[in-house]
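Novice: Next input, structure requested:
(chains A and B)
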Amino acid sequence: GAVVSQHPSWVICKSGTSVKIECRSLDFQATTMFWYRQFPKQSLMLMATSNEGSKATYEQGVEKDKFLINHASLTLSTLTVTSAHPEDSSFYICSAREYRYEQYFGPGTRLTVT
Amino acid sequence: KQEVTQIPAALSVPEGENLVLNCSFTDSAIYNLQWFRQDPGKGLTSLLLIQSSQREQTSGRLNASLDKSSGRSTLYIAASQPGDSATYLCAVGSGGGADGLTFGKGTHLIIQP
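Specialist: Here you go, the predicted model:
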């Protein structure tokens, strides 16, 4: 149990375009989902927290107009990187949690912006 | 703001050795602490989760301890194997469990056959 999926697993897009990443909890209802970003040889940094039906809370330094997060249901959250630039290339990982139980992590999405 | 530090940053040992990875955190008011494993280019595999009220957790050859008052945790790996080679991440949960995790930079572990 407690499986979280992400789609796509990798994506290449051109500079200036937008890309959407999906995060799904497959066998539980995720009241909260988190989005993290990991640059090469760096650790994971929390980008934002989203609760179902509410606006996401962004960490300091993360542009909310650039990284659009939607948590429309208890099993799905999406992260849209708008007007992507090469510096947005990174490994994006989501996690999901039911109430205040353990966070379960997705397999990650590698984004490359050319 | 919580900060998590992992020492050493890298470690290379021969197969069969027992080893200890260290994690320290600056704010002792944590909700839980979790150890993960990450293989190159992959996502996270959860190894052990310790709630703030617990002192240790064990799973197979892995044992993690938590000393909340001193802001420290250790991950003990017994009888290391080449398959244990990976980056090990320590992460701290705060805010009564409502907040996201704060991660250390990890220990890159290589087990030599």
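Novice: Please save the CA atoms from stretch A:9-26 in CSV.
Specialist: C-alpha atoms of stretch A:9-26 as CSV (Å, rounded to 0.1, in the frame of the first residue of the first chain):
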residue,chain,number,x,y,z
SER,A,9,9.0,10.2,-15.4
TRP,A,10,11.0,12.5,-17.6
VAL,A,11,10.3,15.4,-19.9
ILE,A,12,12.2,17.6,-22.3
CYS,A,13,10.7,20.9,-23.3
LYS,A,14,11.9,24.0,-25.1
SER,A,15,12.6,27.3,-23.3
GLY,A,16,9.4,29.4,-22.9
THR,A,17,7.0,26.5,-22.9
SER,A,18,5.0,25.1,-20.0
VAL,A,19,5.1,21.6,-18.7
LYS,A,20,2.7,19.9,-16.3
ILE,A,21,3.7,17.1,-13.8
GLU,A,22,1.1,14.9,-12.2
CYS,A,23,1.3,13.3,-8.7
ARG,A,24,-1.2,10.7,-7.7
SER,A,25,-1.8,8.7,-4.6
LEU,A,26,-3.0,5.3,-5.8
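Novice: And the average pLDDT for it is what?
Specialist: With pLDDT averaged residue by residue, stretch A:9-26 scores 96.
Novice: In contact with the residue most central in space within chain A, which residues are there?
Specialist: By Cα atoms, centre = their mean, chain A has its centre lying nearest to A:Trp35, at 3.8 Å. With Cβ atoms under 8 Å, 6 or more residues apart in numbering or on different chains as the criterion, the residues that contact A:Trp35 are A:23, A:46-48, A:50, A:67, A:69, A:77, A:79, A:92-94. C-beta here means a position set from N, CA and C on the backbone, and glycine is covered the same way.
Novice: Mind picking the lowest-pLDDT entry from those residues?
Specialist: By pLDDT, A:Ser50 ranks lowest within the contacts of A:Trp35, coming in at 91.
Novice: picking that back up, which secondary structure state does the residue nearest to the centre of chain A sit in?
Specialist: strand (DSSP: H, G, I helix; E, B strand; the rest coil).
Novice: taking the contacts of A:Trp35 one by one, which sit in helices?
Specialist: For those, membership in helices holds for none, with DSSP state H as the criterion.
Novice: quick one: the strands in chain B?
Specialist: B:4-7, B:10-14, B:19-25, B:32-38, B:44-51, B:56-59, B:62-67, B:72-77, B:86-93, B:101-103, B:107-112 (DSSP state E).
Novice: actually chain A, not the one I typed
Specialist: Secondary structure of chain A, counting by DSSP E: strands at A:4-7, A:10-13, A:19-25, A:32-38, A:44-51, A:57-58, A:67-73, A:76-81, A:90-97, A:104-105, A:109-113.
Novice: Just put those in CSV and tack on distance to B:Asp99.
Specialist: Formatted as CSV, the entries for the strands of chain A read as follows, by distance: least, Cβ to Cβ, whole Å:
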stretch, distance to B:Asp99
strand A:4-7, 18
strand A:10-13, 28
strand A:19-25, 18
strand A:32-38, 9
strand A:44-51, 7
strand A:57-58, 10
strand A:67-73, 16
strand A:76-81, 17
strand A:90-97, 11
strand A:104-105, 15
strand A:109-113, 23
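Novice: Would you tell me which of the ones you listed gets closest to B:Thr5?
Specialist: Across the strands of chain A, the minimum distance to B:Thr5, taken as Cβ to Cβ, is reached by strand A:44-51, at 14.8 Å.
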